[in-house]
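Colleague: Sequence and computational prediction follow.
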There are 4 protein chains.
Amino acid sequence: MIERYAQEDITAIFSDKTKVKRWQDTEIAVTQAYTESHEFSEADFREFKGALLAHPVDLKWWKRRDEKIHHDLNAFLEERARRLPTRLQPLLHSNMTSYDTQEAAFARTLIDASHLVLKELAKLKEVLQAQALKHRFSLMVGKTHGQQGELQTHGKRCITWLRALEADRLLIEQAKAKLRYSKISGAVGNWGPIHPDIERRALEILGLEPYCGATQIIPREIYTPLADALAQTVLTIDKIALDIRLNARTPLPLYHEPFAKEQKGSSAMPHKKNPINTEQLEGMGRMASTYAAGIKQNIRTWEERAIEQSCVERVFWPDLFHVTMRAVSVLTKVLKGLVIYRHNMLIEIILSRGCYATAGAKEVLKQLVEPHGLKAEDAYRVIQLAAFNIFEYSGPVLSMPKSLDQAEQQLAEFTATWQFETQPTTLADYVMRAELQPSSQLKASAWKIKQWNRALRKVFVCPQARLEWTEAFRPTNVLKHEAHLFEQLCA
Amino acid sequence: MIERYAQEDITAIFSDKTKVKRWQDTEIAVTQAYTESHEFSEADFREFKGALLAHPVDLKWWKRRDEKIHHDLNAFLEERARRLPTRLQPLLHSNMTSYDTQEAAFARTLIDASHLVLKELAKLKEVLQAQALKHRFSLMVGKTHGQQGELQTHGKRCITWLRALEADRLLIEQAKAKLRYSKISGAVGNWGPIHPDIERRALEILGLEPYCGATQIIPREIYTPLADALAQTVLTIDKIALDIRLNARTPLPLYHEPFAKEQKGSSAMPHKKNPINTEQLEGMGRMASTYAAGIKQNIRTWEERAIEQSCVERVFWPDLFHVTMRAVSVLTKVLKGLVIYRHNMLIEIILSRGCYATAGAKEVLKQLVEPHGLKAEDAYRVIQLAAFNIFEYSGPVLSMPKSLDQAEQQLAEFTATWQFETQPTTLADYVMRAELQPSSQLKASAWKIKQWNRALRKVFVCPQARLEWTEAFRPTNVLKHEAHLFEQLCA
Amino acid sequence: MIERYAQEDITAIFSDKTKVKRWQDTEIAVTQAYTESHEFSEADFREFKGALLAHPVDLKWWKRRDEKIHHDLNAFLEERARRLPTRLQPLLHSNMTSYDTQEAAFARTLIDASHLVLKELAKLKEVLQAQALKHRFSLMVGKTHGQQGELQTHGKRCITWLRALEADRLLIEQAKAKLRYSKISGAVGNWGPIHPDIERRALEILGLEPYCGATQIIPREIYTPLADALAQTVLTIDKIALDIRLNARTPLPLYHEPFAKEQKGSSAMPHKKNPINTEQLEGMGRMASTYAAGIKQNIRTWEERAIEQSCVERVFWPDLFHVTMRAVSVLTKVLKGLVIYRHNMLIEIILSRGCYATAGAKEVLKQLVEPHGLKAEDAYRVIQLAAFNIFEYSGPVLSMPKSLDQAEQQLAEFTATWQFETQPTTLADYVMRAELQPSSQLKASAWKIKQWNRALRKVFVCPQARLEWTEAFRPTNVLKHEAHLFEQLCA
Amino acid sequence: MIERYAQEDITAIFSDKTKVKRWQDTEIAVTQAYTESHEFSEADFREFKGALLAHPVDLKWWKRRDEKIHHDLNAFLEERARRLPTRLQPLLHSNMTSYDTQEAAFARTLIDASHLVLKELAKLKEVLQAQALKHRFSLMVGKTHGQQGELQTHGKRCITWLRALEADRLLIEQAKAKLRYSKISGAVGNWGPIHPDIERRALEILGLEPYCGATQIIPREIYTPLADALAQTVLTIDKIALDIRLNARTPLPLYHEPFAKEQKGSSAMPHKKNPINTEQLEGMGRMASTYAAGIKQNIRTWEERAIEQSCVERVFWPDLFHVTMRAVSVLTKVLKGLVIYRHNMLIEIILSRGCYATAGAKEVLKQLVEPHGLKAEDAYRVIQLAAFNIFEYSGPVLSMPKSLDQAEQQLAEFTATWQFETQPTTLADYVMRAELQPSSQLKASAWKIKQWNRALRKVFVCPQARLEWTEAFRPTNVLKHEAHLFEQLCA
């Protein structure tokens, strides 16, 4: 991964230094297992282990040798053998094949890296949980299809994010659990010169257990779910980032990602405060999912194994982890410093004119109009028409300008006369007035509208009906069950 | 493709009926080529061709036979042979292998389907071109990063869409041109019993020419670019749809996709007018790009060919064409009926308070402040601070509610007191006032700000400077070069 | 999915008829839950349910209506409402949003389809298990990198296939378990007019439970793992199919997939017996993994939901299931009828000249040569050189022909003189002879080779050494631990 | 890209040093264009350019600054401004936005890197062309479905590889040609303060031309085809590598990739000579195609641009080029050193027993048997049955061993008795003998077979028929048109 996005911890886990260290761990574990079965003497084993531990692998020597013999594990063995007296050389890699050494090392690498991701996710969870509780009662308009929907709180939105991440975390845990299976079972997986008991004991020393049914390698079906789980996690993060970006849009931003005090948004436009972190997270989603798609193809190999998967694994696994770690930590940082414009949330509620409550209001209206001969379907259509009516543009007619000058002129005139309706008619009031108008956007005959208005008038003559109806728009009513979610969060 | 999304024309092109018709075309073309080389007599050929044309392929018989012999082309040949006297049977499929018959037929299928797509794209182009010209002077705020950017017109945005589609069209044309190469060169591509001259002539009859270097099949490298070109086209459409959706968001929609007069937006919320078509186009983008990724893998086959690619091609090619055709025609429909809220475009300009012009205004300010000892960098920072100042929230402090009741109460109070600033201070005026304030969001010392204000006061004492500065915010100035784009469009 | 690959059971599960049936199930479950909370009377509920069950949904009416109102769930509700007296209409879809109806139905669809796949996988497992046991002692050369490796049995290879499929099965089970979570919690997931208790009870009736943290929909993170699990399964099948194809290659096929008695392999070459089923499985792998990649992108949606994912889900889910089911059943059929050429397996062992045992033989040689001053590394190089020596071509020199005539002539001569060495020198014998030769392919000085030969002569003077060495090549020795695998299979 | 796979030239092209150098090129080009329009004085421009060129960018300073202001291009401008007297600072980045600087630089990077790939492809082409000509008459069995097909030459196979690469090369050229379009047209693409003439002239200086219809950036549709072209190239290479691997399989390898003289194939099995390079090329194909899929998603951005694509481009473009360059050069190396076992090619022809000619032989037989009352279909079935007959196993019956001991015993017995038929019956002879037998694998009644044998006897009584029939199997006959391919190669 390029320096800009590399995560230090991941770099360390996937470094050559750590890799050969882990290879040596496998080698020593196997020799220990043999020693415990009295194949080698205790004293020899101690000397063997001591000699290896005393001299870290000479990475330069190793690489030069690899270039000669075109086999990195054999080059490593030759490097290690240099540190052993001839007598002890047979203790090294005894009865093993290269992937006996490598598979266990690789599984442990993935386990360690997954562990880091899980730790980072735990931090993100904490931040989200705190934000959910803090904004337990921060009212906002929920949005479906980018359009004003029902009322909700920002705290509740945090919970929906949190829970999706929880699903990802569980998936990573499940995938990580599969990694405990590994193999030291020889060139085609039926042990050959090595004994299944040596495999079991050596893996145990390494914190692993034997996979039944290996070839020269572990089938990649064991690793693939982790790649999918990581990619899914980054896609969830991308979705959360998307929500933040969508709600950071001018002219009425609800959120803003943290902006450093010396930051510049643009070289051309000094006023810019761009959500570059959340945008980048979309790119990270693209990267993570393509890496996972590549890794998945590694299931395909020839018979007892070929080496098609090696280069993909050398590159894509660390890069996938870098991207995942970065995505988690960037989102954590963004959420920690997230600026939340509660006043704009309230303004948006005002501008929705009560549409934030139509799901429940419609149910109330159904019951109110039924005695007056209207069907459930009519109640639906009444509210639809009312909503279309109140949002109808009623300002000055805007002719199509024929030149830039005309356009400039029109803008100037509009600016001079334009006023926001600060106390706009709400849907609740409008329906009670029973003065529905035809709309060019909806099919409803004049006769039908007349019938509706007549019924509405009859309904709303009754104060109890007016009360029931207006109650339907009260936040305490719309949100009365949201508490249920928070109870589960705190449980 | 499921009925919901299937495009009739594409269904016809990929139907079994059309397929076997095209197979027969190849067979007849080859026999004609042989006849022209005096391999068969003219009379025999006429009888042969007549017999085949007189009896369309019995599709049921063909399928039943295929199930027996597990080879659809052989089953087709057996079906056809039934219509020929024994004497003429050797005229059928003489010296050929199955893919000699199929490749030319397949290329022609893709050519025909591409042609349909290109026709549909031409309609889309017309709609976009008309809209670009109509809205040549419809002022709007351009948006980068979802934040207000420089001023532009809706017409100009249409041109950027149009040109991206033009790039796609060109790519399809280039990919389509590759399809003219086909093969009738036997079981491994070195002709065997058939003669290169027969291949050339038969392909010529079919409107094609020989590909040099075939195996039993044409390498899939010849077809892949078309899949990529189609997928790219749908991704462009997805991007355009995304722009429409983004600008259809409440509370200040600039666009709205057409909404049918009896349409319902939601079963719960009657007020909803959701941009479901443009949303669907994102899904179409997902489909098209995954189909193309699958088709690309078909390059991989064994030696002189194996049949891994066949099922992918049978399913993904027609599905990719269905999705592409649908995407193009849905976008055409959406753009044709697109509702454009010009008043909201103007409101958005007002709400941007002049930020739509900072790119040029910064350049003017650079020159104005230079004589007063400020650097280019200072001019940048002055406008940045001014922009941050004017958008600072100055309403009532909103404490964090501790219950739903409190939240409801706070909303009610806010609603009662809140007012939109209808004539808000513009950036231009604010800078001229030379009263920059510190901002919690930017690093700028009190001393620095004092220095800036002092310089600004000195600058704007001069009426010429005030004029130059305010001129920088005039649309006629900001957009003075946009005409250049339209000239090219009309050229 | 096109008819050719469609699986009847999957078609039924995803049919419109089943879909609206499931939608109705949700509707009735919710109404029942309300009834149990005394919202509606028992009698009304019975009448309501009776009316709906008595009249299956009129699919034509429904589709026509959908085309008008552009909302399939609303069209369904209108269709259902026709069957209810006005009085009972409010019992339908009370306080619900469309996706309250659909999500539970969708989860149940996926559960049912997964169930079918698991059943089909169980059959495949049985076939593989039987084959493993039957061929418990069918000796063959294991292959790594497509090159002869250690000895194994065909039974053992079956186990490696079986276990990879087991990993897939487990993954599907884990993914299926996640599907039990669903939602009936209103337009943005905080219930609004509906009550969490109604949700819980209605889902319980449907065999599901509430997901905590829904928006208008269940986050797609809950469904995605299933798509990944299915794709992974097909990729495992593709890998198994690949092994079969690789071992079906002429001129020494070990396997052959079943070939029907009237089947034709090629329209040009009558002698062909192509492995078209296993080849097709590679194409199925391409399809399945691209479908899964598309489905994964559905995680991305706007805020409380938009509808980007809908078209992808309508097409890719059934298609993914069709492909998966077909892949499983094709492989089952292939394995059931797999022709296994045991004589060719033995011939391949003979042709390997003992290389099938070098992993263990090398360990023996290490110990034999150590007293004679050679290192472990020398033992390795001795066997390497011996292997290169015995496979060196020693036939007539073949000059490069300059014309087709010359080439034909050369072939004729070669054919006349060529003989397979029927009892070729084995590696074991060759090493014991101690007559290693230089090889143009390996770096080893004449002096080094002399030293090796000298040491080998000394070693093999001793009958015990000869015995130990030849024992290393006995199958009973090489395979002595394979039993361990079969014990686990039968456990 | 990790060190193991990184290509030096690509690393240099994508280095930070080269990047900022190219950014500076754009800046200077724009300033030059302004100077030519008399915006700045010649003398100032010379001083400006001189100052910049005299001081290379201080990369450390630049990075530290970027970390502060979170904008790499702005940090670069600040770094450059340090080298300019205040008076000349306005000459830098005048009226420009960041992507005005970056897009042209980026296009030039891709052009240069593509150029390298094309050069490397030219070398590969030369190697292939030479090999094609050298092996113009190296007879081998063509393979379809991994089964023996028609006769061909290795030279011809080289041509099929070469031509697929030619198609890729053309695609890269077409994609590269698109890169000449770039933009210096301001923050939203309508120039704002900059003038279209400045854009045109500055791009001309850089060897580019203006793209009509940019937003803040060039639409990614302009770059995407290059990624697709590169990925397709690597997939072709993967296919060629696959052919080599398939034909390197034991026990009858036709090819072997070069094996270094000190190389080790395996740590366990010294005899191994694994085709690790061609295997790796499959992994490279996986990487390249996933990178391209990721890059394609970059088409999706918001309105006049957001920055989702940036991280993907920073990582995937250089990585895609590294992989492509490596793939091309690895294949070149493999083909250059490819070991070709011509004797094994001849042995394979012998073992095919004449099946290499059935496509043409069938046509001959059709005509021979027609006078004797057999149809074309009969000729097909006769050859099919004959082929099945001659390959029928006729050795000792092999019972299924019940233990390892029995298996070992059976192998020993089989080894002792087994003999390769060195002069096996050919298909040609077998058919002439007219002694077709029933086969358990084909449906053909005893009566039918009798009829066929009778007809064959009648046919082959005639010496002329015997001659015609055996001629059909002569290589000079089967390959008579292959010359046509080589003529085109040399044209």
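Modeller: Yes, it's here.
Colleague: contacts for stretch A:112-127?
Modeller: Contacts to stretch A:112-127, defined as CB atoms under 8 Å, 6 or more residues apart in numbering or on different chains, come from residues A:9-10, A:13-14, A:162, A:165-166, A:168-169, A:172-173, A:175-176, A:179, A:226, A:230, A:233, A:317, A:321, A:324-325, A:328-329, A:331-332, A:335-336. C-beta: built from backbone N, CA, C; applies to glycine.
Colleague: now swap in stretch A:188-199 and tell me
Modeller: By CB under 8 Å, 6+ apart, stretch A:188-199 touches A:30, A:33-34, A:37, A:95-96, A:100, A:183-186, A:210, A:213-216, A:304, C:142, C:144, C:149-150, C:152, C:156, C:160, C:359-360, C:363, C:478-479, C:481-482, C:484-485, D:268.
Colleague: which of those residues are buried?
Modeller: A:30, A:33-34, A:95-96, A:100, A:183-186, A:210, A:213-216, A:304, C:142, C:144, C:149-150, C:152, C:156, C:160, C:359-360, C:363, C:478-479, C:481-482, C:484-485, D:268 (16 or more other CB atoms under 10 Å in any protein chain shown).
Colleague: Just those: which are in strands?
Modeller: Counting by DSSP state E, the part of those found in strands is A:Pro210, C:Gly142, C:Thr144, C:Gly149, C:Glu150, C:Gln152.
Colleague: need those in JSON lines with pLDDT, can you?
Modeller: JSON lines is the format used below for those (pLDDT from 0 to 100):
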{"residue": "A:Pro210", "pLDDT": "97"}
{"residue": "C:Gly142", "pLDDT": "98"}
{"residue": "C:Thr144", "pLDDT": "97"}
{"residue": "C:Gly149", "pLDDT": "96"}
{"residue": "C:Glu150", "pLDDT": "97"}
{"residue": "C:Gln152", "pLDDT": "98"}
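Colleague: which of those come close to chain B?
Modeller: Of the residues in these, proximity to chain B by CB under 8 Å from any CB of the partner chain holds for none.
Colleague: now, which of the residues you listed sits nearest C:Gly283?
Modeller: Nearest to C:Gly283 among these: C:Thr144, at 26.0 Å, using CB to CB.
Colleague: show me what contacts that closest one?
Modeller: Applying CB under 8 Å, 6+ apart, one finds that C:Thr144 lies in contact with A:Ala187, A:Val188, A:Thr215, A:Gln216, A:Glu303, A:Glu304, A:Arg305, A:Ala306, D:Ser266, D:Met269, D:Lys272, D:Asn274.
Colleague: From the residues you listed, which one has the minimum pLDDT?
Modeller: Note: of the contacts of C:Thr144, the lowest pLDDT belongs to D:Ser266, at 86.
Colleague: Just give the closest residue to that residue, not the sequence neighbours.
Modeller: D:Lys272 (4.2 Å; CB to CB, 6 or more residues apart in numbering or on different chains).
Colleague: helix/strand/coil for that neighbour?
Modeller: What DSSP: H, G, I helix; E, B strand; the rest coil gives for D:Lys272 is coil.
Colleague: Tell me the secondary structure of A:Phe40, please.
Modeller: Applying three-state DSSP: A:Phe40 is coil.
Colleague: Contacts only, for A:Leu158.
Modeller: Check again: residue A:158 is Cys, not Leu. Contact partners of A:Cys158, counting by CB under 8 Å, 6+ apart, are A:Leu128, A:Gln129, A:Gln131, A:Ala132, A:His135.
Colleague: Look up how far A:Met325 lies from A:Glu8.
Modeller: Remark: distance between A:Glu8 and A:Met325 (CB to CB, to the nearest Å) = 9 Å.
Colleague: Could you pull up the residues touching the residue of the stretch 251-400 of chain A found nearest chain C?
Modeller: Nearest residue of the stretch 251-400 of chain A to chain C, counting by CB to the nearest CB: A:Gly360, 3.9 Å away. Neighbouring residues of A:Gly360 by CB under 8 Å, 6+ apart: A:Ala472, A:Asn477, A:Val478, C:Asn95, C:Gly192, C:Pro193.
Colleague: between the residues you listed, which is closest to C:Lys375?
Modeller: Nearest member of the contacts of A:Gly360 to C:Lys375, counting by CB to CB, is C:Gly192, at 79.0 Å.
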